[in-house]
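Undergrad: Mind folding the following:
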Amino acid sequence: MAQAIKAPRSRGAAGLVAAGIFLSRIAGFVREHYFAKYMGSSDAADAFRQAFRIPNFLQTLFGEGVLSASFIPVYAELLARDDEEEAGRVAGAVLAILGLLTSVLVLVGVLATPLLIDVIAYGFHGAKRELTIRLVRILFPGAGFLVMSAWCLGILNSHRRFFLSYSVPVLWNFIIIGALLWFGPRSGEDRIAFVISWASVIGSAVQFLVQLPVVLQLVPVLRIALAIHLPNVRVVIRNFGPVFLSRGVVQISAFIDSMLASPLPGGVAMLGYVTTISGLPVSLFGMSVSASELPEMSRATGDDAERAAYLRKRLIGGLRRITFLVIPSVVGFLLLGDEIIGLVFQSGKFTVSDTVWGWGILAGSAVGLLASTQGRLYSSAFYALKDTRTPLRFAIIRICLTTALGYLSVRHLPMWIGIDPRWGIAGLTASAGVSGWVEFILLRRALGRRIGAEPVGTRYLARLWITALGAAGLAWGIKLALPAMAHPYLPALATLIPYGSAYLLLADPGQLPKRFRVWG
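TA: Okay, here's the model as predicted:
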C-alpha cells in the first residue's frame with residue numbers, strides 16, 4: 001500500500017506545465033493581436049482559420065491527446081520498473097508507427113484537399129474556396145512535425161520534464177509574429193495568409209528539432225522499429241484506437257462548429273479569435289493539472305482498493321485546483337468579456353462592433369468551461385486505469401448533442417427570437433457547453449462507480465462563486481466610473497487587474513500564503 005501512495009505530488013509539475021502553457025499562450029495572444037490587426041474578419045482570415053483546422057485536426061488526433069492517453073501510461077509504468085531497455089523499444093516503435101501513419105495521411109490530405117474543403121467549409125465559394133485549398137496544401141506538412149513534437153512531449157512528460165514541451169510553442173508563435181510584423185503593414189490580406197502559412201510550417205519544424213536532443217538524452221536506448229509484436233506496444237495500439245476515436249469526435253465537434261459558422265461572413269474568423277481566449281483556461285488550468293496527474297496516476301500500484309483510494313485522493317486535489325482558477329474565468333467571460341476581447345484584439349481592422357460580437361460568443365463559451373476543464377482530469381483518471389473506451393462512449397454522446405443543438409442555435413434560433421443571424425454563433429458555443437456538461441456528468445458517475453465518490457465540497461464551491469461575483473462587481477464599479485476612452489487598453493487593464501487581484505486575495509485560503517489569506 002505504501003508504494004501506491006508515494007508518488008510525488010504533482011502541484012509543482014502542474015505549475016511547470018501551466019508556466020509553459022502560459023508563456024506559449026501569451027505569445028499566442030500577441031500573434032492573434034497582430035493577425036486581427038492586419039486581417040480582421042476578412043475572407044482571407046476566414047480562409048486561413050479554416051485551412052489551419054485541417055492539419056491541426058491531424059496533429060490533435062495523432063498528437064498530444066492520443067499519446068498522453070495511450071503511450072504515457074505504458075511508458076511511465078516501464079520507467080517506474082526501471083526497465084529502460086523495454087521503454088526504449090516501446091518509444092522507438094511508437095515513433096516509427098506515428099511517422100508512417102502521419103506521412104501517409106499528409107500525402108493523402110494534400111491530394112484530397114478540395115474534397116475536404118467542400119465538406120468542412122461548404123459555405124466557402126469562388127476565390128475564398130480556392131484560397132483555402134492553397135493554404136491547406138501549404139500547412140499540411142507542418143502537421144507532421146507537430147505530431148513528432150507531441151511524441152517528444154510524451155517522452156518528456158513521462159520523465160517529468162514538463163516545462164520544455166509546453167513552452168517550446170513560443171518559438172512557433174514568434175516565427176509567425178515576425179512574419180506578421182514584417183509583411184502585415186506592406187501586404188494584402190491574401191499574401192499575409194500565404195506568408196504566415198509558410199511561417200507556421202517552419203515554426204513546426206523548429207519546435208520538433210529543439211525538443212529532439214533532450215529526448216535522445218532521456219532515451220539512450222531508443223530503438224526505432226515497427227516492433228508491433230512487443231506486448232507493451234500492442235497495449236499502446238489497443239488503447240490508441242478508442243482514444244483516437246474519442247479525440248476524433250471531439251475534433252469533429254470543432255469542425256461542425258466552423259462548418260455551421262462558414263456561411264456567415266467573418267464567422268469562422270471570429271470563432272477562431274474567441275477560441276483563442278476561451279481555450280486558455282482549458283489548456284492553462286485543465287491541461288496543466290491533467291497532464292501532470294496522468295503520469296503520477298499511472299504509477300499507482302497495490303490492489304484495487306489501494307489504487308482507488310490513491311486515484312480518488314489525487315482527483316480531489318486536482319479538481320480543487322481546477323475549480324479555483326476556472327470559476328473566475330467563467331465569471332470574467334460572462335461579465336467582462338468585452339474588456340478581454342478589446343484588450344487582445346481591438347486594433348486596425350478589428351472594430352468595436354467586432355469586440356461586442358466576440359463578447360457574445362465568449363459568453364456562450366463560458367457555459368461549459370468548468371465542465372470541459374474538469375472533464376480532462378476525469379478522462380486522465382480513466383486512462384490511468386487503462387480504460388479508454390468509457391471516455392469514448394461519452395464523447396460520442398457529446399458530439400451528437402453538440403451537432404443537434406448547434407444546428408438549431410445557428411440556423412433557427414436567431415430567426416425565432418428575431419436577432420441578427422451572426423449572433424447564432426454565440427448560441428453555438430453555448431450549446432457546445434451544454435453538451436460538455438452532459439459528458440462531464442456521465443464521466444463523474446462512471447468513475448465514481450469505479451473508485452468511489454470524490455466530493456470537492458459545496459461550501460468550497462459556493463465560496464469561489466461568491467468571491468468571483470463580488471470581484472466582478474468591483475470591476476464593474478470601476479468600469480462605470482471611468483470616462484469614455486477611444487482606446488480599449490487602459491479601461492481593460494483598469495478593470496481586469498482589480499478583478500483578478502480581488503479574487504485571488506479573497507477566494508481560497510488554502511491556495512495563498514497565510515499573510516494573504518482573508519477567508520478562514
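
Undergrad: tell me the centre residue of the chain?
TA: Centroid-nearest residue in the chain: residue 283, 4.5 Å away (criterion: Cα atoms, centre = their mean).

Undergrad: Surely that residue and residue 25 touch.
TA: Yes. Contact criterion Cβ atoms under 8 Å: residue 283 and residue 25 qualify, at 6.9 Å. Just so you know, the C-beta spots here come from the backbone N, C-alpha and C atoms, and that holds for glycine as well.

Undergrad: give the contact list for the residue nearest to the centre of the chain.
TA: Shown in contact with residue 283 (Cβ atoms under 8 Å, 6 or more residues apart in numbering): 21, 25.

Undergrad: Then residue 195?
TA: With Cβ under 8 Å, 6+ apart, residue 195 has these contacts: 179, 183, 187.

Undergrad: Could you rerun that using 6 Å?
TA: 179, 183 (Cβ atoms under 6 Å, 6 or more residues apart in numbering).

Undergrad: Do a quick rundown of the helices in the stretch 151-300 of the chain.
TA: Counting by DSSP state H, counting those that start in this stretch, the stretch 151-300 of the chain has these helices, from start to end: 162-167, 169-183, 189-218, 231-261, 267-281, 288-298.

Undergrad: next helix or strand past the worst-scoring helix or strand of the chain on mean pLDDT?
TA: When each helix and strand of the chain is scored by mean pLDDT, DSSP states H and E, helix 64-70 comes last, with a mean of 63. Scanning forward in sequence from helix 64-70 by DSSP states H and E, the next helix or strand is helix 72-80.

Undergrad: and that following helix with helix 189-218, angle?
TA: If you take axes from the mean of the first three to the mean of the last three Cα atoms, to 10 degrees, helix 72-80 sits at 30 degrees to helix 189-218.

Undergrad: who does helix 72-80 touch, helix- and strand-wise?
TA: Contacts defined by 3 or more Cβ pairs under 6 Å, 6 or more residues apart in numbering; DSSP states H and E place helix 72-80 against helix 84-111, helix 126-158, helix 231-261, helix 288-298.

Undergrad: could you point out which element follows the last one?
TA: Helices and strands here follow DSSP H and E; after helix 288-298, the next one along the chain is helix 304-345.

Undergrad: Need the nearest residue in space to residue 44, chain neighbours excluded.
TA: Spatially, and ignoring its direct neighbours in sequence, residue 44 is nearest to residue 189 (3.7 Å; Cβ to Cβ, 6 or more residues apart in numbering).

Undergrad: From what I see, the one you found and residue 46 are in contact.
TA: No. Contact criterion Cβ atoms under 6 Å: residue 189 and residue 46 do not qualify, at 10.3 Å.

Undergrad: who's more crowded, these two?
TA: Set residue 189 next to residue 46 and count neighbours by other Cβ atoms under 10 Å: residue 46 wins out with 30 against 18.

Undergrad: So that one versus residue 79, what's the distance?
TA: 45 Å (Cβ to Cβ, to the nearest Å).

Undergrad: now do residue 148
TA: Residue 148 sits 21 Å away from residue 79, taking Cβ to Cβ as the criterion.

Undergrad: pLDDT weak spots in the stretch 201-350 of the chain?
TA: Low-confidence segments of the stretch 201-350 of the chain (pLDDT under 70): 241-252, 284, 286-288, 291-296, 298-302.

Undergrad: winner for burial among the helices and strands packed on helix 72-80?
TA: helix 288-298 (a mean of 26; mean count of other Cβ atoms under 10 Å).

Undergrad: between the helices of the stretch 151-300 of the chain, which gets nearest to residue 503?
TA: With Cβ to Cβ as the criterion, residue 503 lies closest to helix 267-281 of the helices of the stretch 151-300 of the chain, at 13.4 Å.

Undergrad: re the thing from before, could you export the helices and strands packed on helix 72-80 to a markdown table, including columns for distance to residue 223?
TA: A markdown table is the format used below for these (distance: least, Cβ to Cβ, whole Å):
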| stretch | distance to residue 223 |
| --- | --- |
| helix 84-111 | 4 |
| helix 126-158 | 14 |
| helix 231-261 | 11 |
| helix 288-298 | 22 |
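
Undergrad: The residue nearest to residue 278 when sequence neighbours are not counted sits in which helix or strand?
TA: Closest residue to residue 278 apart from its sequence neighbours, by Cβ to Cβ, 6+ apart: residue 365 at 3.8 Å. In the assignment (DSSP H and E), residue 365 maps to helix 352-366.

Undergrad: Would you mind listing the outside residues contacting that helix?
TA: The contact list for helix 352-366 (Cβ under 6 Å, 6+ apart) reads 274, 277-278, 330, 333-334, 337-338, 341-342, 346, 425-426, 429-430.

Undergrad: what's the neighbour count on the closest residue in space to residue 349 that isn't next to it in sequence?
TA: In this structure, residue 349 finds its nearest non-sequential neighbour in residue 40, 2.9 Å apart by Cβ to Cβ, 6+ apart. The tally of other residues near residue 40 (other Cβ under 10 Å) stands at 21.

Undergrad: same question, residue 115
TA: Residues within reach of residue 115, counting by other Cβ under 10 Å, total 9.

Undergrad: Quick check: buried residues in the strand or helix carrying it?
TA: In this assignment (DSSP H and E), residue 115 forms part of helix 113-120. Buried residues in helix 113-120, counted by 16 or more other Cβ atoms under 10 Å: 113, 116, 117, 120.

Undergrad: Just give me the closest of those residues to residue 131.
TA: Residue 131 has its nearest neighbour among these in residue 117, at 10.1 Å by Cβ to Cβ.

Undergrad: ok, that closest one - contacts?
TA: Here residue 117 is in contact with 132, 133 (criterion: Cβ under 6 Å, 6+ apart).

Undergrad: Equivalent analysis for residue 421, please.
TA: Taking Cβ under 6 Å, 6+ apart, we find residue 421 in contact with residue 414.

Undergrad: Ok, residue 85 next?
TA: Contacts here follow Cβ under 6 Å, 6+ apart; on that basis residue 85 touches residue 221.

Undergrad: Could you measure from it over to residue 498?
TA: Noted for residue 85: a distance of 56 Å to residue 498, by Cβ to Cβ.

Undergrad: same thing with residue 431?
TA: 33 Å.

Undergrad: ditto for residue 275
TA: 27 Å.

Undergrad: What residue spans form the domains of this protein?
TA: For the chain, automatic domain parsing gives the domain ranges 2-456, 458-520.

Undergrad: Can you give the distance of the last one from its chain's centre?
TA: When C-alpha coordinates are averaged (Cα atoms, centre = their mean, to the nearest Å), domain 458-520 and its chain have centres 25 Å apart.

Undergrad: repeat for the longest one
TA: Relative to the centre of its chain, domain 2-456 is centred 3 Å away, using Cα atoms, centre = their mean.

Undergrad: Now do the contacts for residue 210.
TA: Contacts for residue 210 (Cβ under 6 Å, 6+ apart) come out as residue 168.

Undergrad: what do you get if the cut-off is 10 Å, keeping everything else the same?
TA: Residues near residue 210 by Cβ atoms under 10 Å, 6 or more residues apart in numbering: 149, 152, 164, 165, 167, 168, 171.

Undergrad: Excluding residues flanking it in the chain, which one is nearest the fifth one?
TA: Distances taken as Cβ to Cβ, 6+ apart place residue 20 nearest to residue 167, at 3.7 Å, with adjacent residues excluded.
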